[in-house]
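Trainee: coords please:
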Amino acid sequence: MWQSLQPLIESLFVGPVWPASVLLLLVLGYLLLSLGTSWDLDGPDLDVDVDVHVWQSLGAATLRWLHLDSVPVVIWGGLFACVNWLLAYILWNAFDSARHEPTLLVSALLATRNVVIAAVITRFATAPLAPFLGGGAAYSEETLIGRSCVVSSGEATPTFGQAKYDTGGAPLLLNIRTDGPHLAKGTSVRIIAFDPSKRIYSVTLDTDTSSGTHT
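Mentor: This is a model prediction of the structure:
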């Protein structure tokens, strides 16, 4: 029996197919474990914590474009893992294996190509789901005013800061400025205004729920 299964197993763990197979197995294992233990299927929040303004903005825009701000991570990741595996398996067996040896460098380059294509396909595949699974369009600059978020940079000041706004999926990453005090990472703040020209939110200490300190 092993001899009959060996060619199939080898075809799943060769060249750029093996990282896709491992990812798919991890996702399937997580789903089975979640169902068996009644874990939260929304998956963990996607925490992108950086202190550089440009990369923070770029990361937030990428998450929104991929619908990771509105579609639960476990659903997006499950679909991505399936698409990525199908691409890797089909492209390798139909095209790539005749042109390339399954060396580490070639496998890494082909796997990267597959990941990019799979991410784009997953983005468009989840577009119809986004309005029903998350906040997507409901989170605009106007609707965020008056709501609370949490400082995610090292600190937030009148001249610099970032914060996370919980959407139930991947958090929105906001550029913020305080109304005076320096607020530590983890402090809960309330949004009081938005500057559309700079795309910056003004915040004040949320005295009801804040868990941080300020100076």
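
Trainee: For the rest of this, base every contact and every neighbour count on C-alpha atoms.
Mentor: Fine.

Trainee: pLDDT averaged over the helix or strand harbouring residue 114, what's the number?
Mentor: Assigned by DSSP states H and E, residue 114 belongs to helix 104-126. Mean pLDDT, helix 104-126: 92.

Trainee: burial of the closest residue in space to residue 155 that isn't next to it in sequence, as a residue count?
Mentor: Counting by C-alpha to C-alpha, 6 or more residues apart in numbering, residue 184 is the residue found nearest to residue 155 once chain neighbours are left out, at 4.4 Å. Counted by other C-alpha atoms under 10 Å, the residues lying close to residue 184 total 21.

Trainee: pretty sure residue 184 contacts residue 157?
Mentor: No. With contacts counted by C-alpha atoms under 8 Å, residue 184 stays clear of residue 157, the gap being 9.0 Å.

Trainee: care to break this protein down by domain?
Mentor: 2-133, 139-205 (automatic domain parsing).

Trainee: deepest of those domains, which one?
Mentor: When the domains of the chain are scored by mean count of other C-alpha atoms under 10 Å, the highest mean neighbour count falls to domain 139-205 (a mean of 19).

Trainee: ok, the closest residue to residue 102 other than its chain neighbours - contacts?
Mentor: Distances taken as C-alpha to C-alpha, 6+ apart put residue 15 closest to residue 102, at 4.4 Å, once the chain neighbours are dropped. By C-alpha atoms under 8 Å, 6 or more residues apart in numbering, the contact set of residue 15 is 92, 101, 102, 103, 104, 106, 107.

Trainee: Show the subsequent helix or strand relative to the worst-scoring helix or strand of the chain on mean pLDDT.
Mentor: Lowest by mean pLDDT, DSSP states H and E among the helices and strands of the chain is helix 53-65, with a mean of 53. The C-terminal neighbour of helix 53-65 among helices and strands, as given by DSSP H and E, is helix 73-94.

Trainee: now the angle from that next one to helix 104-126?
Mentor: Calculated by axes from the mean of the first three to the mean of the last three C-alpha atoms, to 10 degrees, helix 73-94 forms an angle of 130 degrees with helix 104-126.

Trainee: Mind checking the pLDDT average for helix 73-94?
Mentor: The average pLDDT for helix 73-94 rounds to 90.

Trainee: Show me what it is packed against.
Mentor: Applying 3 or more C-alpha pairs under 8 Å, 6 or more residues apart in numbering; DSSP states H and E, we find helix 73-94 packed against helix 17-37, helix 104-126.

Trainee: what about residue 189, which SS state?
Mentor: Classification of residue 189 using DSSP: H, G, I helix; E, B strand; the rest coil returns strand.

Trainee: circling back: quick one: the residue nearest to residue 102 is in a helix?
Mentor: No. Applying three-state DSSP, one finds residue 15 to be coil, outside a helix.

Trainee: what separates it from residue 111, distance-wise?
Mentor: For residue 15, the distance to residue 111 equals 8 Å [C-alpha to C-alpha, to the nearest Å].

Trainee: try residue 77
Mentor: 16 Å.

Trainee: swap in residue 124?
Mentor: 20 Å.

Trainee: Could you do residue 103 as well?
Mentor: Applying C-alpha to C-alpha to residue 103 and residue 111 gives a distance of 12 Å.
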